[in-house]
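> Output the structure for:
(one chain, ligands or ions: 1)
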Amino acid sequence: MKKYCFGIDIGGTTVKCGLFETDGTLLEKWEIRTHSEDNGSRILPDVGETILAKMAEKNIDKSEVAGAGVGVPGPVHDNKVPYAVNLHWGPTDIAGILHKITGIPIKAGNDANVAALGEMWKGGAEGRKNVIVVTLGTGVGGGIIINGHVIEGAHGAGGEIGHAHVEDSITDVCGCGNSGCLEQVASATGIARLAREELAAKDPSEASVLENEKDLDARAVFNAYKAGDAVAARIVNKFAKYLGTTLSVFATVADPEVIVIGGGVSKAGDALTDIVSRYYKKNAFPACADTPIVLAQLGNDAGIYGAARLVLD
Ligand code: ZN
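Next up is the predicted model:
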């Protein structure tokens, strides 16, 4: 008999939902709005309702559903969150609440960890069991998978690669409250920071296409880098040194079969993985120096894939 599962990825503005077969075939995906008003008290009932509605629409019986996995932007421990700032949640028993509404098994995980699981299941690390996934977006997220299981840790902080301390000279405060985090130099905003610094520090006689760039963002930097701009090359090398070196440190803990880079910044493609690999290799412990660094493949769907995968353990 065919079995189904749901993957739910709760974000600050939308909830992404996917109906899967348990072999990982995505049958249908849709979105609902995240109603974060009233301390986000409607979010889980809305999720429960959309799951039940989809089951009714497709004539799927509870006995045919392995469960629903839920990714949330916050620390998750034992299928509960102590808080989720973007959703205005205090302590929330995700599995308890959703199970009561739907009657199906529920599992929950941190959104970055869940996305990592998605890439392991059906994306850039398909078929592997030991994987580091790093997501370069507005921030830097991460997930470390060992023997097929995401490392949650004692505080739900396992795999918070973005908040590894990499630079003493930064005094701006990171979202986490510290200063000098990888996120401050390797996220989209971090690369823009490096670009502003490099342009301010360069010799005025040195020309760069980035000087005329209205949006000095990561995309502009990588485009200029690919076109051979020397200033852009210095920025990209700085970024890649921070990221590649940090990944080499994490690799001594996780010894992954593959490292996956996703998020908006990864649209830069092979140029990005090539240069990050160079610094990774240079600093990695010899036994794991040849670990391939590849691009993520699932894009924004990584969260629903990984959430669905949660319930299959
Ligand atoms: Zn931080």
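> tell me the strands in this protein, going along the chain?
Ranges of strands in the chain, per DSSP state E, are 4-10, 14-21, 26-33, 65-72, 106-110, 131-136, 140-146, 149-150, 258-262, 293-295.
> Now distance to Met120 and mean neighbour count too, for those, in CSV please.
C-beta here means a position set from N, CA and C on the backbone, and glycine is covered the same way. Putting those into CSV (distance: least, C-beta to C-beta, whole Å; neighbours: other C-beta atoms under 10 Å) gives the following:
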stretch, distance to Met120, mean neighbour count
strand 4-10, 14, 28
strand 14-21, 15, 21
strand 26-33, 16, 13
strand 65-72, 14, 26
strand 106-110, 13, 26
strand 131-136, 5, 28
strand 140-146, 5, 25
strand 149-150, 9, 18
strand 258-262, 8, 26
strand 293-295, 12, 20
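> So which of these is nearest the ion?
strand 140-146 (8.7 Å; C-beta to the ion).
> who does that closest one touch, helix- and strand-wise?
On a contact count with 3 or more C-beta pairs under 8 Å, 6 or more residues apart in numbering; DSSP states H and E, strand 140-146 meets helix 111-122, strand 131-136, helix 230-254.
> try 10 Å
Packing contacts for strand 140-146, counted by 3 or more C-beta pairs under 10 Å, 6 or more residues apart in numbering; DSSP states H and E, involve strand 106-110, helix 111-122, strand 131-136, helix 183-186, helix 188-201, helix 230-254, strand 258-262, helix 302-310.
> what is the mean pLDDT for it?
Averaged across strand 140-146, the pLDDT comes to 94.
> Note down every partner strand of that strand and its orientation.
strand 131-136 (antiparallel), strand 149-150 (antiparallel) (DSSP bridges).
> Columns distance to the ion on top of those strands, output as a markdown table?
Formatted as a markdown table, the strands paired with strand 140-146 follow (distance: least, C-beta to the ion, whole Å):
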| stretch | distance to the ion |
| --- | --- |
| strand 131-136 | 14 |
| strand 149-150 | 20 |
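> and Glu119, what does it touch?
Residues counted as contacts of Glu119 (C-beta atoms under 10 Å, 6 or more residues apart in numbering) are 125-126, 128, 131, 133, 135, 143, 145, 258, 260-262, 294-298, 302, 305-306.
> Let me fix that, I meant to ask about Asp93.
Counting by C-beta under 10 Å, 6+ apart, Asp93 has contacts 44, 78-81, 99-100, 106, 108.
> swap in Ile304?
By C-beta under 10 Å, 6+ apart, the contact list for Ile304 reads 6-9, 15-20, 26, 29-30, 69, 71, 114-115, 118, 298.
> How about Glu160?
75, 110, 112-113, 140-144, 153, 176, 181-183.
> Can you tell me the closest non-neighbouring residue to Val47?
Ile8 (5.7 Å; C-beta to C-beta, 6 or more residues apart in numbering).
> what's that neighbour in contact with, if anything?
With C-beta under 10 Å, 6+ apart, Ile8 has these contacts: 15-18, 32, 44, 47-48, 50-51, 68-72, 94, 98, 106, 108, 114, 303-304, 307-308, 310.
> coming back round to it: can you lay out the helices and strands packed on strand 140-146 as JSON lines showing mean pLDDT?
Formatted as JSON lines, the helices and strands packed on strand 140-146 follow (pLDDT from 0 to 100):
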{"stretch": "strand 106-110", "mean pLDDT": "95"}
{"stretch": "helix 111-122", "mean pLDDT": "94"}
{"stretch": "strand 131-136", "mean pLDDT": "96"}
{"stretch": "helix 183-186", "mean pLDDT": "97"}
{"stretch": "helix 188-201", "mean pLDDT": "96"}
{"stretch": "helix 230-254", "mean pLDDT": "97"}
{"stretch": "strand 258-262", "mean pLDDT": "97"}
{"stretch": "helix 302-310", "mean pLDDT": "96"}
